[in-house]
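>>> I need the structure of the sequence given here:
(one chain, ligands or ions: 2)
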Amino acid sequence: MLEIRDVTRRFGKNIAVNGVALEIPQGQMVGIIGRSGAGKSTLLRMINRLIDPSQGSIFFDGSEVSALRGSTLRRWQRDCAMIFQQFNLVPRLDVLTNVLLGRLNHRSTALNLLSIFSREERAQAIAALERLDIARTALQAAGTLSGGQQQRVAIARALMQQPRMILADEPIASLDPLNAKVVMDALQDINLREGITVITNLHTLDTARAYCSRIIGMAGGKVVFDGAPEELTRDAVRMVYGADGDGSEISEAITSTSIRVHKPKLPASAGPLQPALERL
Ligand SMILES: Nc1ncnc2c1ncn2[C@@H]1O[C@H](COP(=O)(O)OP(=O)(O)O)[C@@H](O)[C@H]1O
Ligand SMILES: [Mg+2]
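Numbers count the residues shown, from 1 in each chain. Ligands and ions are numbered 1, 2, ... in the order given. Take a look at the predicted model:
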């Protein structure tokens with residue numbers, strides 16, 4: 001269980017995260033939604049300790065994450081793997097080596113400096129790539145892959161950390177709809193099969209609805225919605241995203257760019273292809 005206890009983060013006078021309290025049981029798939037600037041990334045980065053809270057504390061299974069130092073902090077950062085919008089791979093290194101980098105926190109500094117990976121670690125890395133259906137790219141430079149493939153490499157690297165939690169910051173924001181679906185399906189599969197908690201910031205409402213059992217809506221640094229997708233009514237959506245400047249309702253289309261694959265709305269007749277593609 002992850003517990004976020006009244007956490008606030010300030011940047012100068014700006015309050016990025018404002019008194020957030022959440023309890024996230026192990027194994028949940030949680031989507032965090034909200035406008036740009038709502039504090040979503042700052043919250044994720046505090047969980048992983050990329051940045052520290054200004055106030056409040058974070059606990060995991062009873063121990064205070066926000067107080068960890070040195071090797072226990074590194075162990076925590078291994079336990080909660082991060083996935084980023086821009087993949088954060090080393091583009092000139094081959095895919096296999098990028099995935100093996102997920103092991104670094106498990107090993108001694110000397111072994112890391114020598115870049116020696118055991119046969120077992122290599123087999124594990126190949127298995128992770130196979131699971132994500134990209135083993136054939138193992139020897140290619142990561143930078144030559146498509147965005148969707150790169151994000152799958154990043155997920156394979158995360159799996160190599162054998163994490164208890166995956167924190168994904170807008171993992172599909174740079175991907176086309178089909179790759180977005182492949183990546184979200186992979187995260188869902190890891191969540192369901194391994195019981196790894198997945199907390200993911202999402203810029204589209206429909207993706208959060210389709211994949212997450214719990215949706216957290218943030219606005220102005222605060223949690224303004226926390227519930228199941230069915231509970232996310234129009235009014236709740238308006239609280240999260242706000243009404244448009246002229247008072248007109250925010251259209252779900254604004255917050256939805258991508259995954260229609262779960263509920264395909266393709267025309268029954270073999271109509272022109274272009275409108276159907278636009279709807280994807
Ligand atoms: N490193 C930083 N330095 C200064 N301000 C920051 C920094 N990171 C985030 N902020 C500010 O904190 C607020 C929340 O940002 P962020 O967490 O990135 O929101 P989101 O991910 O929801 O778009 C924004 O106003 C942003 O400008
Ligand atoms: Mg962000």
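
>>> Quick one: residues contacting the residue of the chain found nearest ligand 2.
When scored by C-beta to the ion, the chain has Ser41 as its residue closest to ligand 2, at 3.1 Å. From N, CA and C alone the C-beta is placed, and that goes for glycine too. Counting by C-beta atoms under 8 Å, 6 or more residues apart in numbering, Ser41 touches Asp169, Glu170, Asn201.

>>> A helix includes it, no?
Yes. Counting by DSSP: H, G, I helix; E, B strand; the rest coil, Ser41 is found in a helix.

>>> circling back: top of the contacts of Ser41 by number of neighbours, please.
Asn201 (24 neighbours; other C-beta atoms under 10 Å).

>>> The nearest residue to that one once chain neighbours are set aside - how many residues pack around it?
In this structure, Asn201 finds its nearest non-sequential neighbour in Lys40, 4.2 Å apart by C-beta to C-beta, 6 or more residues apart in numbering. Using other C-beta under 10 Å, Lys40 has 25 neighbouring residues.

>>> And Lys40, how close does it get to ligand 1?
Lys40 sits 3 Å away from ligand 1, going by C-beta to the nearest ligand atom, to the nearest Å.

>>> before we move on, what about Ala228?
22 Å.

>>> same check, this time on Ala127
For Ala127 relative to ligand 1 (C-beta to the nearest ligand atom), the value is 33 Å.

>>> got a pLDDT number for that residue?
pLDDT recorded at Ala127 is 95.

>>> cool, and Arg260?
For Arg260, the pLDDT comes out at 47.

>>> and what of the one 4 residues further on?
What the model reports for Pro264 is a pLDDT of 40.

>>> quick revisit: contacts only, for the residue nearest to Asn201.
Ile32, Ile33, Gly34, Asp169, Asn201, Met218 are the contacts of Lys40 under C-beta under 8 Å, 6+ apart.

>>> possible to save these as CSV with secondary structure, distance to Thr97 and pLDDT?
Output for the contacts of Lys40, formatted as CSV (DSSP: H, G, I helix; E, B strand; the rest coil; distance: C-beta to C-beta, whole Å; pLDDT from 0 to 100):
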residue, secondary structure, distance to Thr97, pLDDT
Ile32, strand, 31, 98
Ile33, strand, 35, 97
Gly34, coil, 36, 96
Asp169, strand, 23, 97
Asn201, strand, 28, 98
Met218, strand, 36, 97
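
>>> which of these come close to ligand 1?
Restricting these to those touching ligand 1 (C-beta under 6 Å from any ligand atom) yields Gly34.

>>> May I have the phi/psi pair for Phe11?
phi -120, psi 100 (degrees, to the nearest 10).

>>> in the sheet, who's paired with it?
Phe11 has these beta-bridge partners by DSSP bridges: Asn14.

>>> thinking again about what came up before, export the contacts of Ser41 to TSV and append columns for distance to ligand 2.
As requested, these are exported to TSV (distance: C-beta to the ion, whole Å):
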residue	distance to ligand 2
Asp169	6
Glu170	6
Asn201	6
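
>>> Flag every residue of the chain that's near ligand 2.
Lys40, Ser41 (C-beta under 5 Å from the ion).

>>> quick one, strands of the chain?
2-11, 14-24, 29-33, 55-60, 63-64, 80-84, 165-169, 197-201, 214-219, 222-227 (DSSP state E).
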